[in-house]
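# okay, here's the prediction I keep looking at, along with the sequence it came from:
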Amino acid sequence: MPGSRSPASGHSPHTGTRRKLQVGIGLLFLLVLIAGLVLIFHWPFRQAAIIKDLEDAASGKVEIKSFREIYFPYPGCIVGGMTYRLSPNASPFVTVEKLTIQSNPIALFVGHVRKVQIDGMHIFVPVAGSPENFKGLKAGGASIDEISVENAILDVPQKEPGKPPVEFAIHHLDLDPVTASRTAHFSAKLSNPEPPGEISVSGRLGPWKGAQTPLSGDYKFENADLGSFQGIAGMLYAEGSFNGALQNIDVSGKINIPGFEVTASQHPVPLNSEFKAHVNGVNGDTFLDAVSSQFLNTSVISRGKIAGAPGQRGKTATIFLEENKGRIEDILRLFVQSARPPMKGEVSFKGQAKLPPGKTPFLKKIVLEGDFGINDSSFTSQATQQKVDQLSQIAQTDQRQSKKLIENKKAEDKNDGDSSAAPPVVSGLQGHVVVNEGTATFSSLSFSIPGAHVQMHGTYSLISDKIDLHGTLKMDSQLSDAAHGTKAAVLKVLNPFFKRKHGGSDVPVKISGDYHHPSFGLDVKNAGKDVLSGKK
């Protein structure tokens with residue numbers, strides 16, 4: 001009948017199932033017991049074991065102030081006040097306020113760590129040339145799913161003794177997975193010390209090969225305040241990508257400065273650049289392979305480097321510049337204080353600029369040398385343009401015709417109400433210039449105006465606008481034509497001394513004063529020397 005015992009067996013139908021369950025529970029208990037015994041004798045999160053693992057992995061000396069084992073919810077430990085040295089007697093290389101290591105029960109048996117959380121880390125980069133160097137992680141150590149770093153500081157020493165290190169604040173850093181023999185994904189947010197701004201970066205790193213460790217990713221540099229460099233201002237934004245090895249990283253990107261200005265002039269202009277460069281990630285030296293910059297109606301092509309030098313604090317920027325069809329008014333707008341640039345025209349330039357480190361104002365420390373040419377130019381100052389017009393009138397042999405041209409142009413200026421609308425009278429302006437400590441020194445400076453050709457040399461102060469130029473005015477007319485009345489009669493006596501063989505005259509002239517009140521005149525001192533020496 002249903003529900004009755006089997007006479008043959010004398011057991012309930014559920015007895016076999018119950019026995020199997022009991023055996024299973026017993027085996028599970030045995031496994032737990034074995035696992036417990038293994039953990040008792042091979043528990044990896046003991047203080048001595050953790051110190052040894054850290055020292056073996058990074059080839060250094062580790063010291064800790066406090067240690068606590070944790071079992072739930074994840075087995076692991078918490079280390080407090082850790083110091084890592086590259087050798088037993090070396091200064092600290094890394095200090096950590098709190099180090100938390102987490103695993104899981106199964107991973108314990110295969111040397112696997114789920115997560116390492118680092119809080120309050122401080123990294124002290126050794127001085128260049130120090131015998132102490134970080135050799136990286138050893139292959140074959142425990143693998144880590146994720147390393148997370150919060151509130152870290154990176155100190156990079158300066159080359160000049162006694163100067164405080166440059167400090168980078170790393171707000172957050174994630175690495176996963178982490179082993180010496182695999183590539184890790186990373187992302188970080190940090191503050192750049194100079195110019196101060198915020199950097200976001202993400203990419204791939206490893207496997208570790210020292211200076212040849214592969215590295216690639218993307219970056220953004222935002223709200224970088226150029227005001228930290230005395231003499232210039234503006235907020236810089238940049239983004240791009242990088243790829244290569246730590247010792248040689250190829251970088252490309254775009255830079256946008258909506259209001260770049262030289263603070264002495266206070267004329268902000270929008271500046272945009274695209275660049276390709278390579279960076280030595282070990283010492284930070286940057287080599288600019290190609291940079292294309294655009295501001296207003298002018299484009300500049302450049303290349304160069306930003307690198308350190310022995311015995312020098314900071315890095316020097318050395319840039320080679322070339323401009324073929326720019327506007328001189330755009331360039332002058334950066335440097336002069338006047339509301340309008342002193343000159344208009346198409347400019348070409350080829351030369352080198354050097355910007356050393358330090359707190360010296362921009363116009364005082366920039367060193368610039370090169371050759372330039374300006375075509376179809378005119379002066380925007382009405383007073384300056386009128387004096388050039390008068391000089392042109394004097395230099396021409398047909399005085400009546402030149403006077404009529406200038407009177408017509410003055411009438412046009414008056415009708416237009418803007419002297420900048422005047423037709424150009426200066427052509428072929430070219431020369432060699434050296435800018436040093438805020439002063440531009442010109443050599444082989446020459447230009448033409450109707451009726452004359454001018455060759456000059458001298459200086460112009462970018463800081464005070466003072467002019468001191470001397471040279472020769474090669475006129476179609478005679479020296480006495482430069483004056484009227486009694487003065488003209490006196491100068492007629494000197495005409496033979498300055499007369500050219502085929503007509504016209506060569507007259508020593510000077511330009512002095514400043515941009516707002518320039519003075520054109522006969523260089524009496526040099527003229528007298530020429531007469532007395534018999535050169536004229």
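Looks like it arrived, so ask away.

# for the residue nearest to Ile511 when sequence neighbours are not counted, give me phi and psi.
In space, and not counting its chain neighbours, Ile511 is closest to Leu469: 4.3 Å by C-beta to C-beta, 6 or more residues apart in numbering. Bear in mind the C-beta positions are built from the backbone N, C-alpha and C, glycine included. Dihedral pair for Leu469: phi -120, psi 140, per degrees, to the nearest 10.

# and Thr441, what's its pLDDT?
Per-residue pLDDT puts Thr441 at 94.

# and the one 5 residues further on, by the same measure?
At Ser446 the predicted local distance difference test score is 87.

# circling back to that earlier point, so what sits opposite the residue nearest to Ile511 in the bridge?
Judged by DSSP bridges, the bridge partners of Leu469 are Gly458, Ile511.

# tell me how many other residues surround it.
Leu469: 19 surrounding residues under other C-beta atoms under 10 Å.

# my guess is it meets Ser443, correct?
No: contact criterion C-beta atoms under 8 Å: Leu469 and Ser443 do not qualify, at 11.0 Å.

# quickly list what's touching both of the two.
Overlap of the contact sets of Leu469 and Ser443 (by C-beta atoms under 8 Å, 6 or more residues apart in numbering) consists of His457.

# how about the nearest residue to Ile51, chain neighbours excluded?
Excluding its sequence neighbours, the residue lying closest to Ile51 (C-beta to C-beta, 6+ apart) is Val62, at 5.0 Å.

# how much space between Gln102 and Ile147?
Noted for Gln102: a distance of 11 Å to Ile147, by C-beta to C-beta, to the nearest Å.

# how is this structure partitioned into domains?
Taking automatic domain parsing as the reference, the chain has its domains at 37-193, 381-533.

# weakest of these in terms of mean pLDDT?
domain 381-533 (a mean of 67).

# what's the neighbour count on Ile511?
Ile511 has 21 neighbours, counted by other C-beta under 10 Å.

# surely Gln212 and Ile249 touch.
No: contact criterion C-beta under 8 Å: Gln212 and Ile249 do not qualify, at 11.5 Å.

# so who does Asn272 touch?
Counting by C-beta under 8 Å, 6+ apart, Asn272 touches Lys254, Ile255, Asn256, Ile257, Ser293, Gln294, Phe295.

# got CSV for these, with pLDDT and neighbour count too?
Listed next are the contacts of Asn272 as CSV, based on pLDDT from 0 to 100; neighbours: other C-beta atoms under 10 Å:
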residue, pLDDT, neighbour count
Lys254, 95, 12
Ile255, 94, 19
Asn256, 95, 15
Ile257, 93, 23
Ser293, 93, 19
Gln294, 93, 13
Phe295, 92, 20
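
# keep only those of those residues that are in helices.
Counted as lying in helices by DSSP state H, out of the contacts of Asn272, is not a single one.

# against Glu167, how distant is Val251?
Relative to Glu167, and taking C-beta to C-beta, Val251 is found at 23 Å.

# Val279 now?
For Val279, the distance to Glu167 - C-beta to C-beta - is 20 Å.

# the two: which is more packed in?
Just comparing Val279 and Glu167: by other C-beta under 10 Å the higher neighbour count belongs to Val279, 19 against 12.

# surely the more buried one is in contact with Gly253?
No: with contacts counted by C-beta under 8 Å, Val279 stays clear of Gly253, the gap being 11.5 Å.

# okay, the closest residue to Leu296 other than its chain neighbours: pLDDT?
Distance criterion C-beta to C-beta, 6+ apart; nearest residue to Leu296, sequence neighbours excluded, is Asp330 at 4.2 Å. On pLDDT, Asp330 comes in at 88.

# quick one: residues contacting Asp330.
Val269, Phe295, Leu296, Asn297, Thr298, Pro341.

# what's the helix or strand for it?
In this assignment (DSSP states H and E), Asp330 forms part of helix 328-335.

# CA atoms only: put that helix into PDB for me.
Taking C-alpha atoms only, helix 328-335 is exported to PDB below (Å, rounded to 0.1, in the frame of the first residue of the first chain):
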ATOM      1  CA  ILE A 328      52.800  94.100 -39.000                       C
ATOM      2  CA  GLU A 329      49.900  95.800 -37.200                       C
ATOM      3  CA  ASP A 330      48.900  92.400 -35.600                       C
ATOM      4  CA  ILE A 331      52.400  91.800 -34.300                       C
ATOM      5  CA  LEU A 332      52.900  95.400 -33.000                       C
ATOM      6  CA  ARG A 333      49.500  95.300 -31.300                       C
ATOM      7  CA  LEU A 334      51.000  92.700 -28.900                       C
ATOM      8  CA  PHE A 335      53.900  95.000 -27.800                       C
END
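
# tell me what the helix or strand just after that helix is packed against?
Reading on from helix 328-335 to the C-terminus, the next helix or strand found by DSSP H and E is strand 343-355. Applying 3 or more C-beta pairs under 8 Å, 6 or more residues apart in numbering; DSSP states H and E, one finds that strand 343-355 contacts strand 316-327, helix 328-335, strand 367-379.

# partners of strand 343-355, with directions?
Strand pairing (DSSP bridges) places strand 343-355 next to strand 316-327 (antiparallel), strand 367-379 (antiparallel).

# tabulate these (a markdown table), appending mean neighbour count, distance to Pro356 and mean pLDDT.
Shown next, in a markdown table, are those (neighbours: other C-beta atoms under 10 Å; distance: least, C-beta to C-beta, whole Å; pLDDT from 0 to 100):
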| stretch | mean neighbour count | distance to Pro356 | mean pLDDT |
| --- | --- | --- | --- |
| strand 316-327 | 17 | 5 | 89 |
| strand 367-379 | 18 | 8 | 84 |
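
# can you put those in CSV and add distance to Ser348?
Output for the strands paired with strand 343-355, formatted as CSV (distance: least, C-beta to C-beta, whole Å):
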stretch, distance to Ser348
strand 316-327, 5
strand 367-379, 5
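
# looking at those, which is closest to Ile449?
Closest to Ile449 of those, according to C-beta to C-beta: strand 367-379, at 10.6 Å.

# what's in contact with that closest one?
For strand 367-379, contacts defined as C-beta under 8 Å, 6+ apart pick out 321, 328, 342-356, 385, 388, 420, 422-436.

# can we see that at 6 Å?
For strand 367-379, contacts defined as C-beta atoms under 6 Å, 6 or more residues apart in numbering pick out 328, 343-354, 385, 422, 424, 426, 429-430, 432, 434-436.

# now do the end-to-end distance for stretch 293-310.
30 Å (C-alpha to C-alpha, to the nearest Å).

# flag every buried residue along it.
The neighbour-count check on stretch 293-310 (16 or more other C-beta atoms under 10 Å) flags Ser293, Phe295, Thr298, Val300, Ser302, Arg303, Gly304, Lys305, Ile306, Ala307, Gly308 as buried.

# could I get the full set of strands for the stretch 151-300 of the chain?
With strands called from DSSP state E, counting those that start in this stretch, the stretch 151-300 of the chain shows them at 166-176, 184-193, 196-205, 214-225, 232-233, 235-245, 248-262, 269-279, 286-295, 298-307.

# in three-state terms, label Glu55 for me.
Here Glu55 is helix, with the state taken from DSSP: H, G, I helix; E, B strand; the rest coil.
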